[in-house]
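Participant: pasting the structure only:
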């Protein structure tokens, strides 16, 4: 009975540290891969055994009481040391294990992760990769993510960054079926006579204007069409189905579709360059073996920190 009590208590203390540090049952649950109700039950059991309230709970916030803060100050360093020790052992495994939570824009999930996810799963079967797609700005530390993906200029100063892609080049595609019904646009201005698949701006919600370079200057062309989507995969399928033209980043997948004669690229001489994607993570933390494996697999070859 005594050993069982100590095991339960360790689990309850682990739950307490996570909730007290995250100030949220939901975030702590994600961090520990447990349900929020399981955490709440563990915390109640710990408080009952100690005979003191450790957390102040409201419908929106969770914060340590004075007693809870005193306990956290004493035990948090020990739990950090345990985590580091376990992580060191993980480096001796043939294949690392654990969960890696990454916050990523939709387009990066589709262009960076999806094409290489199958190989990653085969190479690292003991790593569970959680991809949360979000096109807005997310504080990865407070939200409990191990890493995030952003374009170069969006990476914060206290983060380390690893390049995932080269810079992007814009491209306009349509299908042979579409061009059998419509003449190819020869200038960006011709797009006003075409069905152009739209997408919304990440901020503001207005329709994105297609950008081109002309005589060294960038121009933004308003377009309209029958469908508005926010997914590269959906855009590509819509273009393949002959519904309209799409404006996206040139990729090996699109190059293959052009080579197969299923897509046609137009307005290539007006292509513009956009910054590539970087994976970023807190620079002050020890790099877990599982995250190191993710970086090694998805980083752009020969890219530095």
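Facilitator: The structure has been received and is ready for your questions. Here the structure is a predicted model, which is why all the values come from computation and not from measurement. Numbers count the residues shown, from 1 in each chain.
Participant: C-alpha from now on. contacts and neighbour counts both.
Facilitator: Will do.
Participant: What separation is there between residue 76 and residue 158?
Facilitator: 23 Å (CA to CA, to the nearest Å).
Participant: out of the two, which sits in the more crowded spot?
Facilitator: Neighbours were counted for residue 76 and for residue 158 using other CA atoms under 10 Å; residue 76 has more, 18 against 11.
Participant: The more buried one and residue 15, how far apart?
Facilitator: Distance, residue 76 to residue 15, using CA to CA: 11 Å.
Participant: Is the residue nearest to residue 100 when sequence neighbours are not counted in a helix, a strand, or coil?
Facilitator: Leaving aside its chain neighbours, residue 100 sits nearest to residue 129 (5.1 Å; criterion: CA to CA, 6 or more residues apart in numbering). Classification of residue 129 using DSSP: H, G, I helix; E, B strand; the rest coil returns strand.
Participant: Going forward, count from 50.
Facilitator: Sure thing, new numbering starts at 50, so read that last one as residue 178.
Participant: Would you mind confirming that residue 178 is in contact with residue 158?
Facilitator: No: if you go by CA atoms under 8 Å, residue 178 and residue 158 don't touch, sitting 11.9 Å apart.
Participant: quick one: what helix or strand has the nearest residue to residue 315 once chain neighbours are set aside in it?
Facilitator: The spatially closest residue to residue 315, leaving aside those adjacent along the chain, is residue 221, at 5.6 Å (CA to CA, 6+ apart). Here residue 221 sits within strand 217-223, counting by DSSP states H and E.
Participant: ok, residues contacting that strand?
Facilitator: Outside strand 217-223, the residues that touch it by CA atoms under 8 Å, 6 or more residues apart in numbering are 288-289, 291, 293-299, 312-317, 320-325.
Participant: For the helix or strand just after that strand, which residues meet the burial criterion?
Facilitator: Downstream of strand 217-223, the first helix or strand assigned by DSSP H and E is helix 225-230. Going by neighbour count (16 or more other CA atoms under 10 Å), the buried part of helix 225-230 is 225, 226, 227, 228.
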